[in-house]
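Trainee: I need the structure of the sequence given here:
(one chain, ligands or ions: 1)
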Amino acid sequence: MNKSPTQHIARLRAEIERHNHAYYVLDAPTIPDAEYDRLFRELQTLEAQHPELLTADSPTQRVGGQILDGFAPVRHAVPMLSIRTETDTEDSGATNFDTRVRNALGNAGEIEYACELKFDGLAVNLRYERGVLVQAATRGDGETGEDVTQNVRTIHCIPLHLKHCDADVIEVRGEVYMSRGDFNRYNDRQRELGLATLVNPRNGAAGSIRQLDPALAARRPLSFFAYGLGEVRGWSLPATHSGILDALQSFGMPVCGERAVVRGAAALADFHRRVAAKRDALPFDIDGVVYKVNSLALQQQLGFVSREPRWAVAHKFPAEEQLTVVRDIEIQVGRTGKLTPVAKLEPVFVGGTTVSNATLHNEGEIRRKDVHIGDTVIVRRAGDVIPEVVGVLAERRPADARAFVMPTTCPVCGSHVVREEGEADARCTGGLFCAAQRKQAILHFAGRRAMDVEGLGDKLVDQLVDEDIIHSLPDLYRLDVATLAQLSRMAEKSAQNLVAALEKSKHTTLNRFLFALGIRHVGETTAKDLARHFGKLDAIMQADHERLLSVPDVGPVVAQSLIAFFGEAHNREVVQQLRALGVHWEEHEGASTQPLPLSGKTCVLTGTLASLSRDEAKSRLEALGAKVAGSVSKKTDFVVAGTEAGSKLDKARELGVAVLNEDELMQLLKGCEES
Ligand code: IVH
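Mentor: Now for the predicted structure:
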């Protein structure tokens with residue numbers, strides 16, 4: 001049956017909107033991208049053929065407007081208010097609010113609250129008339145905002161028309177934000193293109209909404225969460241705030257799932273704690289939580305003080321970003337000689353502690369962010385992550401600001417600094433001649449997850465290295481109580497404790513010892529893999545490239561690093577001395593001292609095998625050391641072709657790669673498994 005263009009277009013729009021909602025709001029795509037693109041193009045073609053049927057709420061009309069001279073003012077039908085903030089981090093924020101509410105209501109009993117997240121973006125008002133999005137405005141001064149309809153239309157999760165809602169007017173209020181994933185992806189792309197990056201997701205959101213070129217705005221990936229209403233006409237309100245959010249959700253509006261309806265102050269504090277604990281794991285930034293009296297009748301009774309509702313409060317978390325001034329940029333030399341520029345800051349309280357140092361990572365990063373000494377910068381400290389400088393306020397740069405220059409010699413030992421081709425990091429070439437590297441190497445060696453020498457902290461290591469008492473790792477085990485007790489700030493008792501701790505650390509495990517040596521690219525996990533696989537240190541020290549590669553998860557970089565490390569006579573000497581001084585562990589035969597029969601071979605399976613499943617074949621081949629890949633290339637050693645093998649077999653023939661049939665595979669497996 002032939003449909004009329006009108007029907008056809010309507011059906012396509014409905015289907016595309018369903019997929020949009022699934023993808024952008026529910027985060028659960030229902031069809032492959034290619035299929036979506038096909039539907040979209042079909043609709044575009046039809047609309048081009050029937051321009052008279054094109055409407056503003058068609059999903060094809062999200063992008064594509066004129067570049068604006070400015071934003072037209074929009075007077076809000078209902079003012080957009082702000083909410084009072086409780087900044088303290090303790091439970092009292094919740095208690096204070098609950099007490100105020102109950103007092104204002106004449107000592108009412110336990111109050112029901114809707115708890116939500118406080119999104120860190122930009123507030124907007126979305127006006128829907130008879131279900132169609134007609135206008136979007138920023139908050140502005142609360143009375144008058146700016147018309148940002150064009151840009152808001154490019155936000156995919158915002159419906160251009162509401163499902164099951166044809167109220168005369170319904171204004172949805174909420175926050176436009178940029179998710180952390182989108183922020184990072186956007187910045188990665190910009191960096192690749194050599195273009196300007198965004199400082200943080202919040203600025204990203206605010207800047208994009210106020211972008212005059214809608215094509216540029218459309219490139220910035222934004223999202224939205226609804227949290228309230230503005231003007232409403234021709235719709236009967238639910239009795240509660242949570243009911244409003246449920247209704248908005250059923251209209252197809254994105255509403256954040258992290259919300260709760262609770263009773264009483266203790267439950268508010270509990271919500272605050274729960275959210276604080278997962279703050280860093282959320283896919284977007286928040287700066288606190290919001291509590292709202294759930295009953296709209298009680299909200300009305302409570303009313304407003306100045307321009308803030310008495311029925312809502314924001315209970316903030318400690319800010320993760322603050323402004324401060326860079327006093328200087330110093331270089332820190334790490335264990336592997338890496339030179340890290342560190343910003344020395346005017347101390348500032350951020351992320352719950354006072355921060356006076358922030359990493360600038362490397363020279364390239366300083367250039368990209370254009371950090372000068374004297375600049376006012378944004379410092380970020382989130383969770384347990386080390387503080388970093390996220391950006392500069394260029395307009396606050398003083399006239400005497402100085403650019404940073406990477407030193408060409410190590411500030412600690414004077415050795416040459418090199419930066420290898422393609423590497424971001426500059427390194428001191430001094431090795432263990434460099435006191436900074438020696439100190440870090442000792443601290444790493446003694447660390448809790450390495451040799452676990454209790455009581456050997458950085459102050460003591462500084463002293464031991466600076467006073468020339470320790471030159472190498474084995475010197476640690478040559479320390480005695482008399483030498484230690486001479487050091488300033490070292491009591492006899494502490495000296496005894498340290499010597500005892502050193503003695504105790506001598507009994508260790510192979511994986512700890514390997515990790516403790518501080519070989520580049522050999523972390524804790526790799527050290528464990530190596531220890532399990534080889535069982536004996538000598539076997540690791542003698543292993544060649546191929547043998548090392550036969551260890552699961554050991555790649556060429558790690559193998560090369562191990563070979564280089566144990567290839568150095570002085571490193572072998574260190575190991576030998578440590579063992580002579582009594583460092584020991586249990587050795588065993590190892591999981592495999594022989595390389596596996598198919599180590600280093602790559603194969604591809606295609607077609608159906610009669611006597612075993614694809615998975616079985618794969619795991620048996622892998623157990624013999626082979627790598628089973630998904631596609632055929634010149635590097636493939638052989639292809640196993642079952643019945644009905646398709647394009648992979650053709651490709652193998654084309655490239656001249658060996659092909660095994662099922663019988664030949666079975667013979668190979670049998671032969672190798674018996675050997
Ligand atoms: S309710 C009358 N709920 O915080 C109550 N605001 O001062 C109006 N915000 O800039 C606001 N998350 O954009 C509310 N779940 C939330 C919120 C939220 C973030 C922002 C809002 C405004 C500020 C409130």
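
Trainee: residues in contact with stretch 321-330?
Mentor: Residues from elsewhere that reach stretch 321-330 (Cβ atoms under 8 Å, 6 or more residues apart in numbering): 200, 341-350, 355, 360, 366, 371-380, 389-390, 393, 404. Glycine gets a C-beta too; all of them are placed from N, C-alpha and C.

Trainee: in the stretch 401-550 of the chain, where is pLDDT below threshold?
Mentor: Along the stretch 401-550 of the chain, no part satisfies pLDDT under 70.

Trainee: and the residue of it nearest the ligand?
Mentor: Nearest residue of the stretch 401-550 of the chain to the ligand, counting by Cβ to the nearest ligand atom: A401, 33.1 Å away.

Trainee: mind listing what that residue touches?
Mentor: By Cβ under 8 Å, 6+ apart, the neighbours of A401 are H372, I373, G374, D375.

Trainee: got it, and T95?
Mentor: Residues near T95 by Cβ under 8 Å, 6+ apart: A265, A269.

Trainee: how close does it get to the ligand?
Mentor: Using Cβ to the nearest ligand atom, to the nearest Å, T95 is found at 20 Å from the ligand.

Trainee: phi, psi of that residue?
Mentor: phi -60, psi -50 (degrees, to the nearest 10).

Trainee: what are the boundaries of the helices in the stretch 1-150 of the chain?
Mentor: For the stretch 1-150 of the chain, the helices defined by DSSP state H, counting those that start in this stretch occupy 5-20, 33-49, 92-104, 149-153.

Trainee: now do the shortest one: distance to the chain's middle.
Mentor: This means helix 149-153. Distance of helix 149-153 from the chain centroid (Cα atoms, centre = their mean, to the nearest Å) equals 28 Å.

Trainee: which of the contacts of stretch 321-330 fall in strands?
Mentor: In strands, defined here by DSSP state E, the members of the contacts of stretch 321-330 are 341-350, 355, 376-380, 389-390.

Trainee: give me the buried subset of the residues you listed.
Mentor: 341-343, 345, 348, 350, 355, 376-380, 389-390 (16 or more other Cβ atoms under 10 Å).

Trainee: that older thread, who wins on neighbours among the contacts of A401?
Mentor: D375 (22 neighbours; other Cβ atoms under 10 Å).

Trainee: distance of it relative to G243?
Mentor: Counting by Cβ to Cβ, to the nearest Å, the gap from D375 to G243 is 49 Å.

Trainee: what do you get for V551?
Mentor: Counting by Cβ to Cβ - V551 and G243 are separated by 59 Å.

Trainee: V275 too?
Mentor: Distance from V275 to G243, counting by Cβ to Cβ: 22 Å.

Trainee: ok, the two, which is more surrounded?
Mentor: It is V275, of V275 and G243, that has more neighbours when counted by other Cβ under 10 Å, with 21 against 16.

Trainee: so what's that one up against?
Mentor: V275 neighbours (Cβ under 8 Å, 6+ apart): L117, E258, I286, V289.

Trainee: looking at the stretch 351-500 of the chain, which residue is nearest the ligand?
Mentor: Proximity of the stretch 351-500 of the chain to the ligand (Cβ to the nearest ligand atom) peaks at A382, 18.3 Å away.

Trainee: thinking again about what came up before, restrict the contacts of A401 to contacts with the ligand.
Mentor: Among the contacts of A401, no residue sits close to the ligand (Cβ under 6 Å from any ligand atom).

Trainee: among these, which pair sits farthest apart?
Mentor: Pairwise distances across the contacts of A401 (Cβ to Cβ) peak at 7.2 Å, for the pair I373 and D375.

Trainee: quick one: neighbours of the nearest residue to G630 once chain neighbours are set aside, just the number.
Mentor: Using Cβ to Cβ, 6 or more residues apart in numbering and skipping the chain neighbours, the partner closest in space to G630 is V604 (7.1 Å). Here the number of neighbours of V604 (other Cβ under 10 Å) works out to 23.

Trainee: surely V604 and S631 touch.
Mentor: Yes. Contact status for V604 versus S631: in contact at 6.7 Å, counting by Cβ atoms under 8 Å.

Trainee: got any residues that touch both of those two?
Mentor: Common neighbours of V604 and S631, using Cβ under 8 Å, 6+ apart, are K648.

Trainee: need the residues of this protein near the ligand, please.
Mentor: Counting by Cβ under 6 Å from any ligand atom, the chain sits next to the ligand at 81-83, 116, 118-119, 123, 175, 227-228, 290, 309, 312, 314.

Trainee: tabulate these (CSV), appending pLDDT and neighbour count.
Mentor: Formatted as CSV, the residues of the chain next to the ligand follow (pLDDT from 0 to 100; neighbours: other Cβ atoms under 10 Å):
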residue, pLDDT, neighbour count
L81, 87, 16
S82, 87, 14
I83, 90, 16
E116, 98, 26
K118, 96, 20
F119, 96, 25
A123, 95, 19
E175, 97, 21
Y227, 98, 24
G228, 97, 20
V290, 97, 22
P309, 94, 17
A312, 97, 24
A314, 94, 19
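
Trainee: need the max-distance pair from these.
Mentor: Going by Cβ to Cβ, the pair spanning the residues of the chain next to the ligand furthest: F119 and P309, at 17.7 Å.

Trainee: so what's V628 up against?
Mentor: T602, C603, V604, L605, K618, L621, E622.

Trainee: partner residues bridging it?
Mentor: Listed beta-bridge partners, V628: C603 (assigned using DSSP bridges).

Trainee: where does it land on pLDDT?
Mentor: On pLDDT, V628 comes in at 86.

Trainee: what about it, distance to the ligand?
Mentor: Distance from V628 to the ligand, by Cβ to the nearest ligand atom: 49 Å.
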